[in-house]
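Chemist: Sequence and predicted structure, then a few things I'm wondering about:
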Amino acid sequence: MTTMTPRELLASMFTAAVGAAQPALCIPRNLPAPPKGRTVVIGAGKASAAMAQALERSWPGPLSGLVVTRYGYAVPCERIEIVEAAHPVPDAAGREAAQRMLRTVRGLSADDLVICLISGGGSALLPLPGEGVTLEDKQAINRALLASGASITEMNCVRRHLSAIKGGRLAAACHPARVVNLLISDVPGDNPMDIASGPTVADPTTCADALEVVRRYGIDLPAGARRLLESGDGETIKPGNRRLEHVETHIVASPQMALEAAADVARQAGVTPLILGDSIEGEARDVAKVMAGIALQARRHGQPVAGPCVLLSGGETTVTLRGNGRGGRNVEFLLALAVALDGAPDIHALAGDTDGVDGAEEIAGAFVTPDTLARGWERGLPPRASLENNDAHTFFRALGDSLVTGPTLTNVNDFRAIYVAQSVGVRAHP
């Protein structure tokens with residue numbers, strides 16, 4: 001049995017999850033053979049700079065290129081240029097980087113190789129608007145989508161069709177060169193078209209699908225954006241397009257890999273892990289209620305697993321903004337979980353974004369303990385009021401329970417761990 005405290009155990013599992021998805025581990029073993037011609041590296045995402053660095057250190061021949069990452073996420077590279085831009089709401093630096101990236105891959109030959117390094121966050125970091133759409137339009141639409149409660153799949157459908165680089169357009173610009181995509185997945189299901197809105201893979205969805213998402217969530221589209229979708233001029237590159245015939249795609253790190261690494265830590269500590277799923281979606285508060293029910297069942301009845309145990313899950317929940325507080329989907333999940341557990345003993349939890357940023361805050365997530373609610377009341381922070389105001393970061397920071405990691409240089413979506421120290425119930429026998 002472990003001698004670690006519940007917080008230490010949860011933190012060590014999170015560290016293992018993040019470590020399993022580090023580019024230094026997953027990039028070198030997935031590199032293609034050097035080509036006859038040039039090797040050009042492009043990419044975008046919160047992990048793209050670290051991916052570029054790992055590639056540089058392992059690549060046997062000459063190369064050049066350009067990748068864009070989030071402000072504060074750059075790492076030193078010698079031959080690949082690293083550009084920083086804004087996330088989650090795009091800025092002019094990202095637009096300029098996208099324009100330069102398209103210029104970088106023009107005029108390549110069939111003997112050339114493009115290695116594309118994509119990770120989560122690339123949608124905001126490559127904000128090249130389609131015809132008739134401005135950067136300001138993209139910023140407004142992005143804010144509206146983030147606040148709407150739409151899933152990442154729905155949001156990226158809209159983003160692809162309002163873009164001049166996403167939805168396979170970047171790969172098409174590389175033709176006839178060979179394109180090898182190395183992707184770190186941060187999306188439920190690991191679908192390449194949803195990782196950074198799929199700039200280098202085919203997209204089977206349509207402008208009509210994007211319009212349906214806009215209608216479903218009541219997004220107010222600027223005139224140019226609506227015109228682009230309604231006219232069909234925003235259509236993406238479809239499966240079977242000849243310009244994508246030399247594209248191959250590899251998922252080099254995923255949420256499942258991270259969960260399995262955390263499960264290994266639990267086993268070594270004498271704690272039984274149960275992975276509930278790597279692609280769980282839904283409103284954060286609703287997912288929290290379900291997870292609380294499973295944790296309580298484990299404590300009371302030893303089902304579906306007896307304590308000491310840890311319930312592990314990944315995926316990406318959503319938050320429909322109702323208040324004006326400081327929150328992210330992971331801390332919203334945790335505060336709703338604490339409310340649902342209502343001070344139940346022996347249950348501790350951690351949830352965090354593996355990129356180190358939950359929502360717009362430089363905070364990865366937080367911890368929940370059996371006395372979370374009581375300590376909140378003591379500090380004059382009614383838990384339900386904080387939840388209704390989407391203000392969970394303020395709540396957990398006041399308790400000293402924020403999880404702060406700084407840039408992790410990877411991104412395999414959200415990580416959730418609920419530790420049940422013991423089961424107290426007795427199973428009925430037939």
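Modeler: Thanks, I have it. This structure is a prediction, so every number in the text was calculated from the model and none was measured. Numbers count the residues shown, from 1 in each chain.
Chemist: and the longest helix along the chain, C-alpha only, in CSV?
Modeler: In the chain, taking DSSP state H as the definition, the longest helix is helix 284-301. The C-alpha trace of helix 284-301 is given here as CSV (Å, rounded to 0.1, in the frame of the first residue of the first chain):
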residue,chain,number,x,y,z
ALA,A,284,-18.9,19.6,-17.0
ARG,A,285,-21.6,19.7,-14.2
ASP,A,286,-23.4,16.7,-15.6
VAL,A,287,-20.3,14.6,-16.0
ALA,A,288,-19.4,15.5,-12.4
LYS,A,289,-22.8,14.2,-11.1
VAL,A,290,-22.3,10.9,-12.9
MET,A,291,-18.7,10.6,-11.6
ALA,A,292,-19.7,11.4,-8.1
GLY,A,293,-22.3,8.6,-8.2
ILE,A,294,-19.7,6.1,-9.3
ALA,A,295,-17.3,7.2,-6.6
LEU,A,296,-20.0,6.9,-3.9
GLN,A,297,-21.0,3.5,-5.2
ALA,A,298,-17.3,2.4,-5.0
ARG,A,299,-17.0,3.6,-1.4
ARG,A,300,-20.4,2.3,-0.1
HIS,A,301,-20.5,-1.0,-1.9
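Chemist: Show me what it packs onto, helices and strands only.
Modeler: On a contact count with 3 or more Cβ pairs under 8 Å, 6 or more residues apart in numbering; DSSP states H and E, helix 284-301 meets strand 272-283, strand 309-318, helix 329-341, strand 347-353, strand 414-420. The C-beta positions use only the backbone N, C-alpha and C, and glycine is treated the same way.
Chemist: Residue 185 contacts residue 255, doesn't it?
Modeler: Yes - between residue 185 and residue 255 there is a contact under Cβ atoms under 8 Å: 6.7 Å.
Chemist: Now do the shared contacts for the two.
Modeler: Counting by Cβ atoms under 8 Å, 6 or more residues apart in numbering, the residues touching both residue 185 and residue 255 are 412-413.
Chemist: which stretches of the stretch 101-250 of the chain have low pLDDT?
Modeler: For the stretch 101-250 of the chain, applying pLDDT under 70 flags no range at all.
Chemist: Would you map the helices across it?
Modeler: 122-125, 135-148, 152-161, 169-174, 207-216, 223-231 (DSSP state H, counting those that start in this stretch).
Chemist: Mean neighbour count, those: which tops it?
Modeler: Highest mean neighbour count among the helices of the stretch 101-250 of the chain (mean count of other Cβ atoms under 10 Å): helix 122-125, with a mean of 29.
Chemist: Centre of the chain to that one, how far?
Modeler: 11 Å (Cα atoms, centre = their mean, to the nearest Å).
Chemist: what's the answer for stretch 85-102, then?
Modeler: Mean-position distance between stretch 85-102 and its chain equals 18 Å (Cα atoms, centre = their mean).
Chemist: And for stretch 210-221?
Modeler: Put simply, stretch 210-221 sits 22 Å off its chain's centre (Cα atoms, centre = their mean).
Chemist: Residue 300: which of the helices and strands packed on helix 284-301 is closest?
Modeler: strand 414-420 (9.8 Å; Cβ to Cβ).
Chemist: and that closest one with strand 272-283, angle?
Modeler: 130 degrees (axes from the mean of the first three to the mean of the last three Cα atoms, to 10 degrees).
Chemist: I'd like to know which elements strand 414-420 is packed against.
Modeler: helix 6-20, helix 255-268, helix 284-301, strand 309-318, helix 329-341, strand 347-353.
Chemist: mind redoing it with 7 Å?
Modeler: helix 6-20, helix 284-301, strand 309-318, helix 329-341, strand 347-353 (3 or more Cβ pairs under 7 Å, 6 or more residues apart in numbering; DSSP states H and E).
Chemist: any idea of the mean pLDDT for that strand?
Modeler: Averaging pLDDT along strand 414-420 gives 98.
Chemist: For residue 308, which residues are in contact?
Modeler: If you count contacts by Cβ atoms under 7 Å, 6 or more residues apart in numbering, residue 308 has them with 270-272, 420-422.
Chemist: mind redoing it with 6 Å?
Modeler: Listed by Cβ atoms under 6 Å, 6 or more residues apart in numbering, the contact set of residue 308 reads 271, 421.
Chemist: circling back: select, out of the helices of the stretch 101-250 of the chain, the one closest to residue 303.
Modeler: Set against residue 303 and scored by Cβ to Cβ, those come closest in helix 152-161, at 31.7 Å.
Chemist: For the closest one, name the packing helices and strands.
Modeler: Counting contacts by 3 or more Cβ pairs under 6 Å, 6 or more residues apart in numbering; DSSP states H and E, helix 152-161 packs against helix 207-216.
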